[in-house]
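> One predicted model, sequence on top.
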Amino acid sequence: MSKNVGTVNLAKILQGNKRVIDDYIFKFLPKRNKIAEINLLYRMMRDYPARPGKGLRSSLCLLTCEAFGGGAEKAIVTASALELFHNWILIHDDLEDMSEMRRKQPVLHRKYGIPLAINAGDALHGRMWELLLRNREVLGDAKTLEILHEIRRTVNETTEGQHMELTWVKENRWDLSLENYVEMCTKKTSWFTCISPCRTGAIIADAHPKDVEGLIEFGANLGVAFQIQDDVLNLIGEEAKYGKEISGDIWEGKRTLVLIRLLKVCNGEDRSLILSIMNKKREDKTTAEVREILNLMKKYGAIEYARRTAERLTGRAKASLSGLSRNFKDDEAKATLFALVDFMVRRDW
């Protein structure tokens, strides 16, 4: 965990936390079954968790628990369940977006087909709840129930946010604002990426209820900034580092902040061109058209606008964290949390 780190070495801490969580997850997930078809399901359930990842959600849980004076070992079950949450959501998200790549490999439905991928996501979802029930042995019934309620809320918030985004695409909605985007991202991304990992860590550490509540504002701002950076990397990142299809959001018709800003500031002729391209289905777009959208994003400064917005939201997140940190009991975990905030928004992968 983060004890005895001295000067924060964030990469080493994240790697160490991920090893602990990965080890726990792979010991928990079933390996083999006497029925051959179920053996395939088990392999599919392990596919995304086995791919390279950063483990940000589990580290946020562990570090917040430590910061409030809790033992990180008591948060391992919850942190591992949060990683399962992330993976089953990704399987379904990739299907809904018809994505091509995930963590430098073909998405699960490209490898095994849509029906089996849906089922594997459902199976991981069920195992997440099974894993969370193991908290009874570590935290007791009352706190386990509190954690379950937190994750239940997060599932609801996440699926509501995803529904908002999918509906915008389905209904060809382009009359969107920064406020619309922030509301959608807070639900879709912030709750399961930042808010719930931090709140569950704080609950495990017996943090004051006001501090647990205060983590919503912190996590909301950080989560939206994180998503904006992900949107930017999708446009101009290095595919070898990023691990997903570059410009995939344009192909998929995603309503990113970059695109929302572009439509707001471009001239009428360019707006008509953009909408004529973006209203096409993925399979009807051409590489040249996608490149044209990207060039217009650069021309009108939409990418830089998104970056500035992410920086502003990061500042708000840090201000919230500074207020909460008055009640932190572990200075090393505190320093690591602040370093993690910067990494989440300034990363290049």
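Ah, there it is.

> Figure out the length between the terminal residues of stretch 170-184.
From its first residue to its last, stretch 170-184 covers 15 Å (CA to CA, to the nearest Å).

> mean confidence for it?
In this model, stretch 170-184 has a mean pLDDT of 96.

> buried stuff in it?
Within stretch 170-184, the residues scored as buried using 16 or more other CB atoms under 10 Å are Trp174, Leu176, Asn180, Tyr181, Val182, Met184. Using the backbone N, CA and C atoms, a C-beta is placed for each residue, glycine as well.

> now for these, which pair is the farthest apart?
Greatest spacing in those, by CB to CB: Trp174 and Val182 (17.0 Å).

> just to revisit the earlier point, kindly indicate which of the buried residues of stretch 170-184 lies nearest Leu63.
Closest to Leu63 out of the buried residues of stretch 170-184 is Val182 (24.9 Å), distances taken as CB to CB.

> so how far is the helix or strand where Ile151 lies from its chain's centroid?
Per DSSP states H and E: Ile151 is located in helix 141-170. Taking CA atoms, centre = their mean, to the nearest Å, one finds helix 141-170 lying 13 Å from the centre of the chain it belongs to.

> And the contacts of the very next helix or strand once past it?
As assigned by DSSP H and E, the chain's next helix or strand after helix 141-170 is helix 178-185. For helix 178-185, contacts defined as CB atoms under 8 Å, 6 or more residues apart in numbering pick out 161, 164-165, 168, 223-224, 227-228, 255-257, 260-261, 309.

> Check the average confidence over stretch 122-133, would you?
Averaged over stretch 122-133, pLDDT sits at 98.

> buried residues in that stretch?
In stretch 122-133, counting by 16+ other CB under 10 Å, buried: Ala123, Leu124, His125, Arg127, Met128, Leu131, Leu132.

> Tell me which residue of the protein is furthest from the middle?
Glu269 (35.7 Å; CA atoms, centre = their mean).

> give me the low-pLDDT residue ranges for the stretch 1-150 of the chain?
Within the stretch 1-150 of the chain, the stretches with pLDDT under 70 are 1-7.

> Check the stretch 201-349 of the chain too.
239-244.

> in which helix or strand would I find the residue nearest to Lys280 when sequence neighbours are not counted?
The shortest distance from Lys280 to any non-neighbouring residue, by CB to CB, 6 or more residues apart in numbering, is to Glu289 (7.7 Å). Secondary-structure assignment from DSSP H and E places Glu289 in helix 287-299.

> just checking, what packs against that helix?
helix 209-236, helix 248-252, helix 257-265, helix 268-278 (3 or more CB pairs under 8 Å, 6 or more residues apart in numbering; DSSP states H and E).

> for these, which one sits closest to Lys111?
Across those, Lys111 has its closest neighbour in helix 248-252 (17.2 Å, CB to CB).

> Leu145 and Glu283, how far apart?
47 Å (CB to CB, to the nearest Å).

> Please disregard the earlier target; I meant Ser247.
Computed as CB to CB, the Ser247 to Glu283 distance reads 15 Å.

> Report how many residues lie close to Lys187.
Residues within reach of Lys187, counting by other CB atoms under 10 Å, total 23.

> and it, what does it touch?
Glu157, Thr158, Glu160, Gly161, Met164.

> Let's see that with 6 Å instead.
Residues in contact with Lys187 (CB atoms under 6 Å, 6 or more residues apart in numbering) are Glu157, Glu160, Gly161.

> For ChimeraX, write the select line for the buried members of the residues you listed.
Per 16+ other CB under 10 Å, the buried members of the contacts of Lys187 correspond to this ChimeraX selection:
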select :157,161
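
> what would the contacts of Lys187 look like in TSV with distance to Ala205 and pLDDT?
Output for these, formatted as TSV (distance: CB to CB, whole Å; pLDDT from 0 to 100):
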residue	distance to Ala205	pLDDT
Glu157	22	98
Glu160	28	98
Gly161	27	98
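
> Show me which parts of the helix holding Ile151 are buried, residue by residue.
143-144, 146-147, 150-151, 154-155, 157-158, 161-162, 164-165, 168-169.

> And for stretch 273-282?
Leu273, Ile274, Ile277, Met278.

> for the stretch 1-150 of the chain, what spans make up the strands?
Under the criterion DSSP state E, counting those that start in this stretch, strands of the stretch 1-150 of the chain are mapped to 101-102, 105-106.

> could you redo those as JSON lines and give each row distance to Arg32 and mean neighbour count?
Below are those laid out as JSON lines (distance: least, CB to CB, whole Å; neighbours: other CB atoms under 10 Å):
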{"stretch": "strand 101-102", "distance to Arg32": "25", "mean neighbour count": "20"}
{"stretch": "strand 105-106", "distance to Arg32": "23", "mean neighbour count": "14"}
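
> Those: which one's closest to Trp349?
strand 101-102 (13.4 Å).

> partners of the closest one, with directions?
Partner strands and pairing direction for strand 101-102 (DSSP bridges) are strand 105-106 (antiparallel).

> so how far is the partner strand off the chain centroid?
With CA atoms, centre = their mean, you get 18 Å for strand 105-106.

> what does stretch 132-141 give?
Chain-centre distance of stretch 132-141: 25 Å, with CA atoms, centre = their mean.

> Go ahead and name everything in contact with it.
So stretch 132-141 is contacted by Lys74, Val77, Ala81, Thr144, Ile147, Leu148 (CB under 6 Å, 6+ apart).

> Buried residues in that stretch, which are they?
Within stretch 132-141, the residues that qualify as buried are Leu132, Arg134, Asn135, Val138, Leu139, counting by 16+ other CB under 10 Å.
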